[in-house]
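J.: below is the sequence, then the predicted model.
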Number of protein chains: 2
Amino acid sequence: MSTYRVNLKDMQFVLFDVLKADTQFAALGLADANRELISAVLEESARFCETQLAPLNAVGDREGCTFVAETNDVRTPAGFKQAYDQYVDMGWPSLVSPPEYGGQGLPETVGIAVKEMINASNLAWGNFPLLSHGATNAIEHHGSDWQKQVVLPHLINGSWTGTMCLTEPQCGTDLGLIKTRAVPNADGTYAITGTKIFITAGEHDLAENIIHLVLAKLPDAPEGSKGISLFLVPKFNIDAEGQLVDRNHVKCGSIEHKMGIHGSATCVMNFDDAKGYLVGQANKGLMAMFTMMNSARLGVGLQGLGLSDRATQNALRYARERLQMRAANQPARPDKPADPIIVHPDVRRMLLTNKALVEGGRMLLYSAGLHADSSSYGKDAAAAATDNAVVGYLTPIAKACMTEWSIECTYNAMQCLGGHGYIAEHGLEQLARDARITTLYEGTTGIQALDLLGRKVLQLKGEGMQAFGAHLLQLVTDCMAVPQLASHAQELGKAAQELQELTLHIAQAVQKDGNEVGAAAYDYLMYSGYVVLGYWWLRAAKTVLDGGITADAEFSAAKLETADFYFARLFPRTRTHAAAIRSGAAPLMTMPESHFDA
Amino acid sequence: MSTYRVNLKDMQFVLFDVLKADTQFAALGLADANRELISAVLEESARFCETQLAPLNAVGDREGCTFVAETNDVRTPAGFKQAYDQYVDMGWPSLVSPPEYGGQGLPETVGIAVKEMINASNLAWGNFPLLSHGATNAIEHHGSDWQKQVVLPHLINGSWTGTMCLTEPQCGTDLGLIKTRAVPNADGTYAITGTKIFITAGEHDLAENIIHLVLAKLPDAPEGSKGISLFLVPKFNIDAEGQLVDRNHVKCGSIEHKMGIHGSATCVMNFDDAKGYLVGQANKGLMAMFTMMNSARLGVGLQGLGLSDRATQNALRYARERLQMRAANQPARPDKPADPIIVHPDVRRMLLTNKALVEGGRMLLYSAGLHADSSSYGKDAAAAATDNAVVGYLTPIAKACMTEWSIECTYNAMQCLGGHGYIAEHGLEQLARDARITTLYEGTTGIQALDLLGRKVLQLKGEGMQAFGAHLLQLVTDCMAVPQLASHAQELGKAAQELQELTLHIAQAVQKDGNEVGAAAYDYLMYSGYVVLGYWWLRAAKTVLDGGITADAEFSAAKLETADFYFARLFPRTRTHAAAIRSGAAPLMTMPESHFDA
């Protein structure tokens, strides 16, 4: 069985030393969110996650959720309900929600650190509260007063949970194709009819009620994605005061048998004249849904981080215990029959790759949270808009790269265990199966890549990228003057420059052939990911060298060593992505469809 | 459920057009192995695999093997026994075995094509006969006359199966640490005592008897790997004529719960004064075991190929059927609500990656088989030795790269299916779970990398690499004169040159620091893999342009298009591997053990 300990030391390094989040929170008027309070929250969360959630991870995988066909109910694995009750009793659901609806109003950045712990402890369990957060955001920003005053507090205190109902059998990415219909009732509500699939936490036994946010089409809606509206559909109908009345006509039809994340219920949801409430304006549902999706996508990025961290911790322990062969130059443990495998360069290569991706990814995700907080709470509207654009730029990178890297990190961890890596009892194969889903749900890596290059960079003129690029340029300039960092800074600066050139190149090429965006998108995304991570590793190294950090000397030295590793071993992956981008669309588009299996 | 069709057309292209295997067999005195016979064998095998084995793949995964603790028996999934009986009745086990012991004496290359089909159809089932082949080789080359005359024919006709018993709880890679003991009995046999783990097909209900080939130490054995002997230990004791007598003291203690390949039994085998026979010389067991391992490693490479092909076929079908979004420039199916996703560049990127790796890998593996045949049947001893060295060079590349690529190909196939990719009923997630084991068993990728760089290239002075390199240089020279291939040839020539320089660089660096081999090994292996595949894609393209091939124009055009794709999109991965090799051991070795989680 795999185990997990929260890396509080590194979280605090990222939050306080690298990001100086406490100072920034104070500047944003979030004075309560001081260092002491945040540290206390993180410690309390670590205790809950390590003792309550982490031990349920293997059992959730083994048992999975159970669908009871007779009653259309879903039973969660043993222990999930008790853990959820405790989570609610301790007030965790409301941590970062707005105080006017019962939330504690802490910064999103703190919520992100807590979510990392939940995901590393028990990703499947974490999926139940995960989507409530997105539903909360959508209702807060687009809902009616009644929805905000009556529904929101229940989502925020965790007595109810939320879902996102987008996908249908014939459409996932292409939401313009949805068939679910919403017909107005006489009382201002709507009758929703249709089938939604892949609905995470669509049915379960953890909470009193479930609030489905459902995309559907009004009778007179325009064709395609411009004719989609968002509806709030409760599992149990509610009266004006929010009391549960009777069962609404929405039922779970079945749950999917998945590769991993077995403890989370992935439901087929059948709506049969179910009562729904319009959220926001008619035909503007997609925009409201995007509010939920961005939050959910960062959340999935955090799942990647959590899985990667847990896998790495277990591989490291094994690498220190397992004795095989001798170190190349001289025995490291002459008293033992062989040396621990951590002495072998190839094992170190895998462990260091994981360390660089996990700790680098933590900086990336927490910084995205900080930009989100600056955007939400900043007084200067222009600066807030820029912060929002940076979040938009970082979201597809964080979602795609962190999940891709979670596949790599769980892969590496399994390789460190050799033949034991694929044996269920060690628990690493579960993490790999869980990770394998994260690059698919909430938009595949390919979709994130199109969001980044097609939308955020080309359509929106790269506002977020430019703001991030300005920070990067400043850091590169600063670090060129630091002898220990000059060569890393130079590499990073060169790559950022090349990425800019490639962006212009694609922007021109797409004028002639629309396929140039899709042809470059994946490699552009990954290249961007390594540049963003390079920025953070350089900044971590500079933070250490600048001094004044709270961590000890060993921790500081490890940061510098990991930064060196990152630039020596992982950053050169940009070379391959650059070559792929340069090769353009022709090698992909020349082959006629019939030749693929000619 | 995933489906599978044998790609006979491509197999024939590789065998007859690219490799001219029939001509070579004739030159080796294997005149029976003519084009007609081989084609007939492949067609018959395809029929068996598609109709009997492929449909059992999903059921094998769902049911898995069952351990019956009361009797120490293992039950295989429903249908496995019937399929095995048919396999034996049709004579498949003896296909490439020596006629003097009942084999049909066909070339190994043909056996490799058949194994590809078996693995793609049902990898788990294929593991039962797989290891018999290695056991056959070991006994044929190292066994006593009795072992050859009495035991071998049963392994060859499939009435018995074989195993390789190497790994113990405390040692996998480091076989010098084994504890299993062999004490001489008065009658010349040995009493074997110890525990072996991860024994594929160690116990099952398919065959009458199981022949375990077991590594153990004699009482007076030298320390470490120089004191290991190989023993033949039957499940049922046999008399002088090969009749089954009574149950030997070797029992299955349990079977492992694995990530994938559920239909194959991975056994803990307990030997308790079990009767064994020495194979080959005392204390020379490791050498005999290597004979088995090389064959098993190529076999695992073929598992990678089979999984990749099957995954790609299913992803391609989905990509042609699934309608989402419109093609970038203009609708491809204006009559439909959306275009099939095969129009999208990123989907094509994944499908073409798979196509290039599958068809390239097929050439790589079949050519390794042909070198093996040339070595086995060649009359010129020096040429045969060179062919043997080429097989030795290609084996770790084939094992590691084909299995790594099977992870990539099953990954890509799942991504093509989007959210459906991880749903069990589509069957792709099974292929991904199966693939995930192939980079771990029969020596991890890291171990293959050390075998390639440390042993085959540096210790053995790279005889195999040089022979391969001479072919490559000739091909590059030839293709430089062909306008359509000149730029690919140039790229390949440059990379081969760089790889040679890097080899020299490592050979020098290792004089100062033994860690330089391990630090470079993984990237050196992958770099070598892309060069070898580049050789084969260039050769396939040249074969097409030279004309006179049997396949149709569409097939020929597809080969040229895939070669272009390979050099544009996959070959540049060498850039990243070169940079990693150049960075040397320091970035991996500098960090003290304690800093990994400082």
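T.: That came through fine.
J.: break chain A into its domains for me.
T.: A:8-66+A:73-142, A:161-289, A:461-591 (automatic domain parsing).
J.: how about a markdown table for the ones you listed, with mean pLDDT, distance to residue B:498 and mean neighbour count added?
T.: C-beta: built from backbone N, CA, C; applies to glycine. Supplementary listing: the domains of chain A in a markdown table, determined by pLDDT from 0 to 100; distance: least, C-beta to C-beta, whole Å; neighbours: other C-beta atoms under 10 Å in any protein chain shown:
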| stretch | mean pLDDT | distance to residue B:498 | mean neighbour count |
| --- | --- | --- | --- |
| domain A:8-66+A:73-142 | 96 | 38 | 20 |
| domain A:161-289 | 96 | 39 | 20 |
| domain A:461-591 | 97 | 13 | 20 |
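J.: among the ones you listed, which comes closest to residue B:270?
T.: Closest approach to residue B:270 among the domains of chain A (C-beta to C-beta): domain A:8-66+A:73-142, 26.6 Å.
J.: how far does that closest one sit from its chain's centre?
T.: Put simply, domain A:8-66+A:73-142 sits 13 Å off its chain's centre (C-alpha atoms, centre = their mean, to the nearest Å).
J.: residue A:15 and residue A:25 touch, don't they?
T.: No: here residue A:15 lies out of contact with residue A:25, judged by C-beta atoms under 8 Å, at a distance of 9.9 Å.
J.: what residues are shared contacts of those two?
T.: Contact criterion C-beta atoms under 8 Å, 6 or more residues apart in numbering or on different chains; residues bridging residue A:15 and residue A:25 by contacting each: residue A:109.
J.: regarding the residue in the stretch 251-400 of chain A that chain B sits nearest to, what is its secondary structure?
T.: Sorted by distance to chain B under C-beta to the nearest C-beta, the residues of the stretch 251-400 of chain A start with residue A:328, at 3.2 Å. Three-state call for residue A:328 (DSSP: H, G, I helix; E, B strand; the rest coil): coil.
J.: on that earlier part again, including distance to chain B, could the domains of chain A go into TSV?
T.: Converted to TSV, the domains of chain A look like this (distance: least, C-beta to the nearest C-beta, whole Å):
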stretch	distance to chain B
domain A:8-66+A:73-142	8
domain A:161-289	4
domain A:461-591	3
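J.: nearest spatial neighbour of residue A:338, skipping sequence neighbours?
T.: Nearest residue to residue A:338 in three dimensions, chain neighbours excluded: residue A:323, at 4.1 Å (C-beta to C-beta, 6 or more residues apart in numbering or on different chains).
J.: quick one: that neighbour and residue A:343 touch, right?
T.: No: using C-beta under 8 Å as the test, residue A:323 is too far from residue A:343 to be in contact (10.0 Å).
J.: so the two - more neighbours on which side?
T.: When neighbours are counted by other C-beta atoms under 10 Å in any protein chain shown, residue A:323 and residue A:343 differ, and residue A:343 comes out ahead with 26 against 17.
J.: the more buried one contacts residue A:330, doesn't it?
T.: No: the pair formed by residue A:343 and residue A:330 falls short of the contact definition of C-beta under 8 Å, at 9.9 Å.
J.: list the contacts for the spatially closest residue to residue A:142 that is not a sequence neighbour?
T.: In space, not counting the residues next to it along the chain, residue A:142 is nearest to residue A:280; the distance is 3.6 Å by C-beta to C-beta, 6+ apart. Remark: with contacts taken as C-beta under 8 Å, 6+ apart, residue A:280 is in contact with A:142, A:143, A:229, A:230, A:287, A:288.
J.: same thing but at 7 Å, please
T.: Residues in contact with residue A:280, defined by C-beta atoms under 7 Å, 6 or more residues apart in numbering or on different chains, are A:142, A:230, A:288.
J.: which of these fall within strands?
T.: Judged by DSSP state E, strands contain the following of the contacts of residue A:280: residue A:230.
J.: return the member of the contacts of residue A:280 nearest to residue B:82.
T.: The closest of these to residue B:82 turns out to be residue A:230 (C-beta to C-beta; 54.5 Å).
J.: can you give me the end-to-end span of stretch A:234-245?
T.: As for stretch A:234-245, its first-to-last residue distance stands at 11 Å under the measure C-alpha to C-alpha, to the nearest Å.
J.: next, the contact list for residue A:350, please.
T.: Taking C-beta under 7 Å, 6+ apart, we find residue A:350 in contact with A:412, A:415, A:416.
J.: got the buried residues for the helix or strand encompassing the first one?
T.: So the one you mean is residue A:412. Secondary-structure element containing residue A:412, defined by DSSP states H and E: helix A:381-416. For helix A:381-416, a neighbour-count test (16 or more other C-beta atoms under 10 Å in any protein chain shown) marks A:384, A:386-416 as buried.
J.: so what are the sheet partners of the longest strand seen in chain A and their directions?
T.: Secondary structure of chain A per DSSP E: the longest strand is strand A:266-279. On the basis of DSSP bridges, the sheet neighbours of strand A:266-279 come out as strand A:190-200 (antiparallel), strand A:229-234 (antiparallel), strand A:250-255 (antiparallel).
J.: reformat these as TSV; add distance to residue A:420.
T.: Formatted as TSV, these follow (distance: least, C-beta to C-beta, whole Å):
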stretch	distance to residue A:420
strand A:190-200	32
strand A:229-234	47
strand A:250-255	31
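J.: thinking again about what came up before, restrict the buried residues of helix A:381-416 to those near chain B?
T.: Contacts with chain B within the buried residues of helix A:381-416, counted by C-beta under 7 Å from any C-beta of the partner chain: A:414, A:415.
J.: show me where the stretch 401-550 of chain A has helices.
T.: If you assign secondary structure with DSSP state H, counting those that start in this stretch, the helices in the stretch 401-550 of chain A sit at A:428-438, A:445-450, A:463-480, A:486-512, A:515-546.
J.: was I right to think residue A:304 contacts residue A:405?
T.: Yes: distance between residue A:304 and residue A:405: 6.3 Å, which falls inside the contact criterion (C-beta atoms under 7 Å).
J.: closest one to residue A:264 among the strands paired with strand A:266-279?
T.: Comparing these against residue A:264 with C-beta to C-beta, the closest turns out to be strand A:190-200 (6.2 Å).
J.: following element in sequence after that closest one, please.
T.: Next along the chain after strand A:190-200, taking DSSP H and E as the criterion, comes strand A:209-216.
J.: give me the contact list for that following strand.
T.: The set of residues external to strand A:209-216 that reach it, using C-beta under 7 Å, 6+ apart, is A:135, A:138, A:151, A:154-155, A:160-166, A:175, A:178, A:180-182, A:192, A:194, A:196, A:228-236, A:244, A:250, A:269, A:271, A:276, A:279, A:285, A:289, A:292.
J.: if we go to 6 Å?
T.: For strand A:209-216, the external contacting residues (C-beta atoms under 6 Å, 6 or more residues apart in numbering or on different chains) are A:135, A:138, A:160-166, A:178, A:180, A:182, A:192, A:228, A:231, A:233-236, A:285.
J.: pairing partners for it, with directions?
T.: Note on strand A:209-216: by DSSP bridges, its sheet partners are strand A:160-165 (parallel), strand A:229-234 (antiparallel).
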